[in-house]
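1. build me a model from this:
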Amino acid sequence: MFKTVVTLFRGSVAAAGEELEDRTALLILDQQMRDAAAAVERSKRTLALAIAQDQQEGRKLEATNARIADLETRAVAALDGGRDDLAKDAAEAIASLEADRDALMTARALFATEIVRLKRHVASAQARITELDRGRRIARASEAVRSLRRSGIEAARPYESTLPEAEGTLRRLRERQMEAQAADDALVELDATTGPLATAERLAEQGFGPRLKTTADDVLARLKSKRMPTA
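-> Predicted coordinates:
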């Protein structure tokens, strides 16, 4: 029994965790994308630093090569002048500079390889972030549509109205308006048949008083009276 209760509890926790993750998936995605973007920015700074250091090593290498060339020229001149001692000193300095030159060339080769790798990494990461951002916008729009659909079948909060309730209110309003219009039409028709005007018209038809409305017979009689007498 205890094992069953523990299993049930673990299942409930797992289900609640999955439900929470589903509800907060967009929030989690937003934070993950912010973290990824921050990592890309750090990679960009590392790349910029590597490029700057490579350029610095390049300037050192140019200066070392220039010093080597200058000392070689001076050493040759010393040999021509019979100063082997000075030429030897120059040769020792040249050997030291050549060791520095080789180290600088090795460093530049390493920097070149690292720069290529970092550029490839940054470009790939930026493309993936762009794709993720596009997918996030689609997911947000889909979630909005899904929430709208779900609102029609799920129970609303006590203080919220649902679409069916709004449709019912509109339907009742239209029904009341139609009933009011029907009542107005009935009153007009009733006045037309039983009101004072209708009574006066009936009396006029019996010869009691002038007619309230001109009839076709009245118009025809008036037209005949305007005819010219025949010879």
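2. look up the closest residue to Glu114, ignoring the ones flanking it.
-> Closest residue to Glu114 apart from its sequence neighbours, by Cβ to Cβ, 6 or more residues apart in numbering: Ala50 at 5.5 Å. Every C-beta, even on glycine, is put in place using the N, C-alpha and C of the backbone.
3. so which elements touch the helix or strand containing that neighbour?
-> Assessed by DSSP states H and E, Ala50 sits inside helix 25-80. On a contact count with 3 or more Cβ pairs under 8 Å, 6 or more residues apart in numbering; DSSP states H and E, helix 25-80 meets helix 84-151.
4. next up, phi/psi of Gly82, please.
-> When read as degrees, to the nearest 10, the backbone of Gly82 gives phi 80, psi 20.
5. next, count neighbours for it.
-> When neighbours are counted by other Cβ atoms under 10 Å, Gly82 registers 9.
6. same question, His121
-> Around His121 there are 15 other residues, counting by other Cβ under 10 Å.
7. now the one 5 residues further on
-> The number of residues packed near Gln126 is 14, by other Cβ under 10 Å.
8. pretty sure it is touching Val40, no?
-> Yes: between Gln126 and Val40 there is a contact under Cβ atoms under 8 Å: 6.2 Å.
9. for the closest residue to Val40 other than its chain neighbours, which residues are in contact?
-> Of all residues beyond its chain neighbours, the one nearest Val40 is Ala125 (4.6 Å), with distances taken as Cβ to Cβ, 6+ apart. Contacts for Ala125 (Cβ atoms under 8 Å, 6 or more residues apart in numbering) come out as 36, 39-40, 43.
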